[in-house]
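> need coordinates for the below:
(3 chains)
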Amino acid sequence: MATEIALPPDLWDAAANPEGIVANWFFTEGAGVRKGATVAEIMVEKTSFDIAAPADGHLHIVVGKDGVVKPGAVIGTVDGG
Amino acid sequence: MPTKPQLVWMYEMMEKARYYEDTMAAAYMEGKTPKFDIGAGPLPGEMHLAAGQEPCAAGVCVHLKKEDTVTATHRPHHVAIAKGVDLKKMTAEIYGKESGLAGGRGGHMHLLDPEVNFSCSGIIAQGTAPAVGAGLAAKLNGSDAVAVSYLGEGAANQGGFHEAMNLAALWTLPVIFVIEDNAWGISVPKSKSTAVPDNSVRAAGYGIPGFHVADNNTLELFKVAGEAIARARRGEGPTLIEVETYRYYGHFQGDPELYRPKDEVAKLKAKDPIRRLREALIADGTVTQAEADEALAKVKTEVDEAFAFAKAATYPAPEEALERVFA
Amino acid sequence: MSSNRIMTVSRAISEAIAQEMRTDPKVFVMGEDIGKYGGIFGTTTGLLAEFGEERVRDTPISETGFIGAGVGAAMSGMRPIVELMFVDFFGVCMDSIYNLAAKNIYFSGGNYKVPMVIMTATGGGYSDAGQHSQTLHATFAHLPGLKVVAPSNAYDAKGMMISAIRDDSPVVFMFHKGLQGLAWMASPEAAATELPEEAYTIPFGKANIVRAGKDVTIVTLSMMVHRSLEAAAALEKEGIDAEVIDLRTLVPLDRKTVIRSVAKTGRLVVVDEDYKSFGLTAEILASVVEDDPAHLKAAPQRLAVPDVPIPYSRPMERFVLPNAETIAAAVRATLGKVREAA
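Sure thing, here's the model as predicted:
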């Protein structure tokens, strides 16, 4: 059962800055992650936001490093199975 | 009392500086979206803009002559403009072009122009002692030239500033220290960095006059600075002036400013000092609305031409990096 | 359960500091914008929230004051970590560093300890001009009494920061801005590494052979490790097998590893982002020759900034900083050159 890693829809003011960038992934594809661990960093202009794993499991990356994202985007999943 | 030419000069200078900074802010972001990479685009590196701080330059530099020396900080554009640095050469320097003031060697934080006795640099409070030196040179030469040292309120806590104040006072030198208090030392507010709320009281520690100008008031600064400069020219020694001013942009472009209250800039812009001066000048008949508009259009054209010049200019040859180290 | 955790250098540094602060109440941090801002280069991310204002102190712009205070606090039993925002700012406060921190152990015959870490940002390549782009390795390494360390990657950064904090001598911890992994400044892919969750140390004075090779020895540290590895990858295609040594620490300096390598390969290229004359590159050359000039089959090459201030304009800055192409060219030169018979 896969849980989505979705950016909160109100993470940043999309009117001011429609897009952000996935600045860093802190785990590799398939890595085991714990719920709450910081898995990625999103950058919007120069502000950084840490994104945590929503569940324990194995990480699957949907939007890779330097990918462009909007608030609410799904950047990866955590596969608990 | 300011004369009409002085008032018009100050108004034009401030509009020019404001438009310059706003133009620079947009130009800086070229090549840096969607991913902000500080090293990318035609204006790589750091950029510190002074929008909101124009009165600090206008109210002081209106009294200065070419022979007077000004040292400024890492946030120098408004002061450079007020001192009369060639706008095309300055902009070309900021763009790193061969036709810049230093052929691209210095960039935005290190603008030096002996033609108008202006220099600035990037280390905090670094310009205070050199201003003392310029004042010393004037005294030794028997001229009535003065030196003005610009620094931030954060710099008032740097040791070198205190040494400079003591020296200027001790030797009765024609130096005016102008503290631009924009309330923030990057992310640290004045209340968290400075033991006293008003730096002008520190002048007493050196036996010199100290003045505080509240709320970015151009005309108040005109008066205080005019008296200080006249005093210095008469050989009566240094003065410290602190001006409460506004920093509209971040410490540097790209600063997320997470430390700053969200509505602070909007509140400052609501009492914009350039608009305040413009409205006062129109209200009392010094200028008409049409004259003010014309002045604004004129300075915008000058700025646009400077940016166009800089963008079209050529880069230096790479080996030029090795030249001009020594005289 | 977490594995394959890849951390940036800045987060590795913050984690190292946090872990030591959790276990040792004597450790505290001071510097400009290290509180809410988390350090201009991300070294103190999360620390204010976890440890509060008493132990994570924003200072005024008063380097002599707070770095001198760091020395005093260290001599009074604390373990301060003090941030000098840019290494280029050392000019305003060097006395506290080289005359006090560096010498008080000696002046007291070892009776005083000075367990202080001065962490500071180095490096150029992003157009920050002459007063914000320097690396100054030699400036600090030259003066006796300071340990001087400069990690090239996150794994080393965490271990070396923990070692630095636990060291009873003053340590100047030089981190390159372009290696931090900050979202707003490009960094080499290999700077961020897998990072163990537990605390661990890396001893000082132990260089790391990051690429074994037999044809030439490239000695370097910090950002230039990455440029050297790029060069080595290109050279491999030409059939040249380069050994790349990451010094990790300037003081203490692992001369043994360098000499052993040059004795094996016979050829030496030293790469340093600092100024050329009177610096690290000269020190490495001298150390090899002092041991035995016969180690060298050809004249060594050194790459560094050619004794000019770092220029602002991009083409000029690129010209003065070593890069993968110039490093590879230096390697070819030392392989093509033959020492003239006397």
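
> my guess is residue B:126 contacts residue B:160. True?
Yes. The pair residue B:126 / residue B:160 is scored as a contact, 7.1 Å apart, by C-beta atoms under 8 Å. C-betas here are computed from N, CA, C, even on glycine.

> quick one: which of these two has more around it?
For residue B:126 versus residue B:160, neighbours defined as other C-beta atoms under 10 Å in any protein chain shown are more numerous around residue B:126 (23 against 19).

> contacts for the one helix or strand in chain A whose mean pLDDT sits lowest, please.
Sorting the helices and strands of chain A by mean pLDDT, DSSP states H and E puts strand A:47-52 at the bottom, at a mean of 90. Strand A:47-52 is contacted by residues A:5, A:7, A:11-12, A:20, A:23, A:35-43, A:75, B:256, B:258, C:183 when judged by C-beta atoms under 8 Å, 6 or more residues apart in numbering or on different chains.

> report the buried members of those.
A:5, A:7, A:11-12, A:20, A:23, A:37-43, A:75, B:256, C:183 (16 or more other C-beta atoms under 10 Å in any protein chain shown).

> pick out the most distant pair among the residues you listed.
Pairwise distances among these were taken by C-beta to C-beta; the largest, 23.6 Å, belongs to A:37 and B:256.

> near chain A at all, stretch B:24-39?
Yes. Contact between stretch B:24-39 and chain A, assessed by C-beta under 8 Å from any C-beta of the partner chain, occurs at B:34-36.

> near chain C, which of those show up?
Answer for these near chain C (C-beta under 8 Å from any C-beta): residue B:36.

> in JSON lines, list the residues of stretch B:24-39 next to chain A along with pLDDT and neighbour count.
Below are these laid out as JSON lines (pLDDT from 0 to 100; neighbours: other C-beta atoms under 10 Å in any protein chain shown):
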{"residue": "B:34", "pLDDT": "79", "neighbour count": "16"}
{"residue": "B:35", "pLDDT": "84", "neighbour count": "18"}
{"residue": "B:36", "pLDDT": "89", "neighbour count": "22"}
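
> just send the residues of stretch B:24-39 next to chain A back as JSON lines, with secondary structure too.
Listed next are these as JSON lines, based on DSSP: H, G, I helix; E, B strand; the rest coil:
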{"residue": "B:34", "secondary structure": "coil"}
{"residue": "B:35", "secondary structure": "coil"}
{"residue": "B:36", "secondary structure": "coil"}
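
> which stretches of chain B form helices?
Listed in chain order, the helices found in chain B under DSSP state H are B:4-28, B:54-61, B:77-83, B:87-94, B:128-141, B:159-170, B:218-233, B:264-269, B:273-283, B:289-312.

> ranges for the helices of the stretch 201-342 of chain C?
Assigned by DSSP state H, counting those that start in this stretch, the stretch 201-342 of chain C shows helices spanning C:223-237, C:255-265, C:280-291, C:314-320, C:324-336.

> compute the inter-axis angle for the second one and helix C:324-336.
It refers to helix C:255-265. Using axes from the mean of the first three to the mean of the last three C-alpha atoms, to 10 degrees, the inter-axis angle of helix C:255-265 relative to helix C:324-336 is 60 degrees.

> what is the mean pLDDT for helix C:255-265?
Helix C:255-265 shows a mean pLDDT of 98.

> around chain B, pick out the residues from the stretch 51-200 of chain C.
C:58-65, C:88-89, C:91-92, C:125-132, C:183-186.

> when you check chain A, which of these turn up near it?
With C-beta under 8 Å from any C-beta as the criterion, those include C:183-184 near chain A.

> which of the residues of the stretch 51-200 of chain C next to chain B count as buried?
C:58-65, C:88-89, C:92, C:125-132, C:183-185.

> just give the number of residues close to the residue nearest to residue C:319 when sequence neighbours are not counted.
Excluding its sequence neighbours, the residue lying closest to residue C:319 (C-beta to C-beta, 6 or more residues apart in numbering or on different chains) is residue B:318, at 3.6 Å. Using other C-beta under 10 Å, residue B:318 has 16 neighbouring residues.

> go on, the one 4 residues further on?
Residue neighbour count, defined by other C-beta under 10 Å, stands at 14 for residue B:322.

> tell me who's in contact with residue A:40.
Per C-beta under 8 Å, 6+ apart, neighbours of residue A:40: A:5, A:22-26, A:50-51, A:75-76.

> in PyMOL, select just the buried ones from these.
In PyMOL syntax, the buried subset of the contacts of residue A:40 is picked out as below (16+ other C-beta under 10 Å):
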select buried, chain A and resi 5+22+23+24+25+26+51+75+76
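
> make a markdown table from the contacts of residue A:40 and add secondary structure to it.
Converted to a markdown table, the contacts of residue A:40 look like this (three-state DSSP):
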| residue | secondary structure |
| --- | --- |
| A:5 | strand |
| A:22 | strand |
| A:23 | strand |
| A:24 | strand |
| A:25 | strand |
| A:26 | coil |
| A:50 | strand |
| A:51 | strand |
| A:75 | strand |
| A:76 | strand |
